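*Asks:* how would this look folded up:
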Amino acid sequence: MATTFSPISVFAARLMPKEQRFVSGHRACQGCAEALAVRMVHSILGRNTIVASATGCMEIISSSYPDTAWTVPWIHVAFENAAAVASGVEAGLSILMKKGKIPQRKIQVVGMGGDGGTADIGLQSLSGAMERGHDMIYICYDNEAYMNTGIQRSSSTPYGASTTTSPAGSLSIGQHTWKKNIPMIMAGHKIPYVATASPSYPFDLAQKVKKAAKVKGPAYLHIYACCPTGWRMKPDMAVQIGRLAVETGVFPLYEIEQGVLRITHKTPELRPLKEYTKHQGRFRHLDDATLEEIERRVLDEYRKLERREGLAL
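*Replies:* Coordinates of the predicted model:
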């Protein structure tokens with residue numbers, strides 16, 4: 001009897017190759033959505049890839065000498081210069097190909113870092129690489145704090161979240177600034193492709209990675225990566241929390257192609273913010289009035305995004 005496959009399974013097989021480039025044996029925490037996202041991204045990008053990785057969780061858990069979880073060339077670089085190193089690798093490959101020193105072929109150069117190495121420490125080198133127009137992808141895996149060094153706040157930490165350097169208490173709400181909008185800052189560089197993605201929406205993520213790889217010039221991906229340890233949540237809820245982030249409007253999924261914005265997963269009726277925050281210990285100190293304030297801000301930002309859809313930014 002012949003085996004039949006559903007259209008969905010065939011589509012999934014095309015988008016998510018079985019061969020892995022970020023493999024088992026790493027030391028990520030249970031339920032780490034960042035490790036899940038890295039595995040998805042690099043199964044799609046394939047073997048002809050060179051990675052420049054900033055210091056952070058993914059560097060620590062994947063490169064315990066003499067072992068490695070990577071099956072592609074991978075370079076550990078300083079916290080602040082993953083984008084600079086990736087842009088140098090891209091330029092070097094381009095020159096070697098022009099001189100005939102190596103064969104002409106597509107080698108995907110990827111810079112990667114967490115929100116600390118992207119939104120804070122690495123923002124200057126990232127901006128420079130994007131402005132210069134290097135043919136590369138930069139990926140921020142956003143777990144909303146410096147998790148590797150002890151759950152310190154970053155400029156990507158959401159308002160009201162408690163961290164070790166923005167602790168909630170009688171005189172503090174926790175993080176007192178709003179999350180920096182790095183995807184829109186990257187869009188301001190007028191690069192060909194910017195997108196947000198989440199491993200909780202694997203088909204959406206896969207399509208965006210493929211688009212970023214096909215772009216001639218710089219592409220930026222901002223990937224949601226919940227951290228059960230730092231967010232004080234159950235490890236088996238990682239995928240569910242990622243979906244709630246999108247459904248409540250906390251982390252909208254969109255892409256900006258050649259300056260035109262498109263929401264890729266629309267949520268006309270956003271779910272109540274409490275459905276997202278109640279599962280995370282970092283928000284347990286927030287009272288109803290504060291949650292309502294945050295919810296109004298989330299809704300306002302989401303409606304602004306809807307109004308900008310289809311327009312050139």
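
*Asks:* before we move on, what SS does Tyr159 have?
*Replies:* coil (DSSP: H, G, I helix; E, B strand; the rest coil).

*Asks:* so what pLDDT did it get?
*Replies:* Tyr159 is assigned 98 on the pLDDT scale.

*Asks:* hey, which helix is longest across this structure?
*Replies:* helix 288-308 (DSSP state H).

*Asks:* ok now that one, how far from the chain's centre?
*Replies:* 21 Å (CA atoms, centre = their mean, to the nearest Å).

*Asks:* then stretch 206-219?
*Replies:* 14 Å.

*Asks:* quick one: contacts for the closest residue to Cys227 other than its chain neighbours?
*Replies:* Take Cys227 and drop its neighbours on the chain: the residue closest to it by CB to CB, 6 or more residues apart in numbering is Asn143, 4.1 Å away. In short, each C-beta sits where N, CA and C put it, glycine included. By CB atoms under 8 Å, 6 or more residues apart in numbering, Asn143 lies in contact with 33-34, 57, 114-115, 225-227, 230-231.

*Asks:* report the separation between Asn143 and Lys106.
*Replies:* Relative to Lys106, Asn143 is positioned 30 Å away (CB to CB, to the nearest Å).

*Asks:* how about the contacts made by Ala52?
*Replies:* Counted by CB under 8 Å, 6+ apart, Ala52 has contacts 75, 77, 82-83, 85-86, 89, 109-112.

*Asks:* any buried residues in the one helix or strand it maps to, and which?
*Replies:* Using DSSP states H and E, the element containing Ala52 is strand 49-54. Residues of strand 49-54 classed as buried by neighbour count (16 or more other CB atoms under 10 Å): 49-54.

*Asks:* off-centre distance for it?
*Replies:* So, by CA atoms, centre = their mean, the centroid of strand 49-54 is 14 Å from its chain's centroid.

*Asks:* extract the C-alpha set from it and format it as PDB.
*Replies:* C-alpha atoms of strand 49-54 as PDB (Å, rounded to 0.1, in the frame of the first residue of the first chain):
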ATOM      1  CA  THR A  49      26.800  28.900   6.700                       C
ATOM      2  CA  ILE A  50      29.300  30.700   8.900                       C
ATOM      3  CA  VAL A  51      28.200  32.000  12.300                       C
ATOM      4  CA  ALA A  52      29.700  34.800  14.400                       C
ATOM      5  CA  SER A  53      28.200  34.500  17.900                       C
ATOM      6  CA  ALA A  54      28.300  37.100  20.700                       C
END
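
*Asks:* quick one: list the elements packing against the following helix or strand past it.
*Replies:* Using DSSP H and E, the next helix or strand after strand 49-54 towards the C-terminus is helix 57-62. Helix 57-62 sits against helix 33-45, strand 108-114, with contacts defined as 3 or more CB pairs under 8 Å, 6 or more residues apart in numbering; DSSP states H and E.

*Asks:* kindly reformat the ones you listed as TSV containing mean pLDDT, mean neighbour count and distance to Gly188.
*Replies:* Formatted as TSV, these follow (pLDDT from 0 to 100; neighbours: other CB atoms under 10 Å; distance: least, CB to CB, whole Å):
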stretch	mean pLDDT	mean neighbour count	distance to Gly188
helix 33-45	96	24	24
strand 108-114	98	28	18
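
*Asks:* distance to Leu221 added to the ones you listed, as CSV?
*Replies:* Listed next are these as CSV, based on distance: least, CB to CB, whole Å:
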stretch, distance to Leu221
helix 33-45, 8
strand 108-114, 9
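
*Asks:* closest one to Glu269 among the ones you listed?
*Replies:* Glu269 sits nearest to helix 33-45 of all the helices and strands packed on helix 57-62, at 25.0 Å, using CB to CB.

*Asks:* got the contact list for the longest helix of the chain?
*Replies:* 158-160, 173, 178, 248-250, 252, 254, 261, 263, 267, 270, 272-274, 277, 286.

*Asks:* how about that helix: buried residues?
*Replies:* 291, 294-295, 298, 302, 308.

*Asks:* now do the strands in this structure.
*Replies:* Assigned by DSSP state E, the strands in the chain fall at 49-54, 74-77, 108-114, 137-142, 193-197, 219-224, 254-257, 260-263.

*Asks:* closest to Ile151 out of those strands?
*Replies:* Of all those, strand 108-114 sits nearest to Ile151, with 12.2 Å by CB to CB.

*Asks:* who are the packing partners of that closest one?
*Replies:* Secondary elements touching strand 108-114 (3+ CB pairs under 8 Å, 6+ apart): helix 33-45, strand 49-54, helix 57-62, helix 82-98, strand 137-142.

*Asks:* next up, the contacts around the residue most central in space within the chain.
*Replies:* With distances taken as CA atoms, centre = their mean, Ile223 lies nearest the centre of the chain, 2.0 Å away. By CB under 8 Å, 6+ apart, Ile223 lies in contact with 37, 41, 139-142, 196-199, 205.
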